[in-house]
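[1] Sequence first, predicted model second:
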Amino acid sequence: MLIKYQNAHLIYESFRVVAKDNTDKSYFIIHSQHKQTDKYYWCRANISLKLGEVVNGYLCPSDNFNKMPTLIIGECYAIIPAIC
């Protein structure tokens with residue numbers, strides 16, 4: 001079930017971790033709802049994640065097109081980049 005709610009103009013969604021790159025600390029995530037498995041991303045995260053884990057958070061885009069977005073989990077207002 002996709003959990004989607006809005007807090008401070010940010011949309012939180014439910015994601016499943018399907019791959020992990022230990023070299024650069026990136027994750028391959030998909031939306032956990034079956035209908036949205038076509039939406040997938042390589043990203044970084046503000047906390048360490050485990051394979052198969054389902055987390056609620058939001059994707060914060062990078063200000064550089066060549067960099068991955070960051071998956072922000074929880075309400076970590078102190079580390080949210082200014083572009084979000």
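    Nice, I can see it. Residues are numbered from 1 along each chain as shown.
[2] Tell me, please, where in this structure the pLDDT is lower than the cut-off.
    Applying pLDDT under 70 to the chain flags the ranges 1-10, 34-38, 75-84.
[3] Could you say which helix or strand holds the residue of it most remote from its centre?
    Going by Cα atoms, centre = their mean, the residue of the chain most distant from its centre is residue 23, 18.4 Å out. Using DSSP states H and E, residue 23 sits within no helix or strand.
[4] what's the answer for residue 43, then?
    Short version, using DSSP H and E: residue 43 is in strand 40-45.
[5] what separates residue 18 from residue 53, distance-wise?
    10 Å (Cβ to Cβ, to the nearest Å). Yep, even glycine has a C-beta here, placed from its N, CA and C like the rest.
[6] Run through the neighbouring helices and strands of the helix or strand where residue 11 lies.
    Using DSSP H and E, residue 11 sits within strand 10-21. Judged by 3 or more Cβ pairs under 8 Å, 6 or more residues apart in numbering; DSSP states H and E, the packing partners of strand 10-21 are strand 5-7, strand 26-31, strand 54-60.
[7] could you dump the ones you listed to CSV with distance to residue 68?
    Putting these into CSV (distance: least, Cβ to Cβ, whole Å) gives the following:
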stretch, distance to residue 68
strand 5-7, 23
strand 26-31, 6
strand 54-60, 10
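[8] quick one, which of these is nearest to residue 70?
    Nearest of those to residue 70, taken as Cβ to Cβ: strand 54-60 at 4.9 Å.
[9] check contacts around residue 42.
    Applying Cβ atoms under 8 Å, 6 or more residues apart in numbering, we find residue 42 in contact with 26, 27, 28, 68.
[10] Tell me which residue is most central in the chain.
    residue 71 (2.8 Å).
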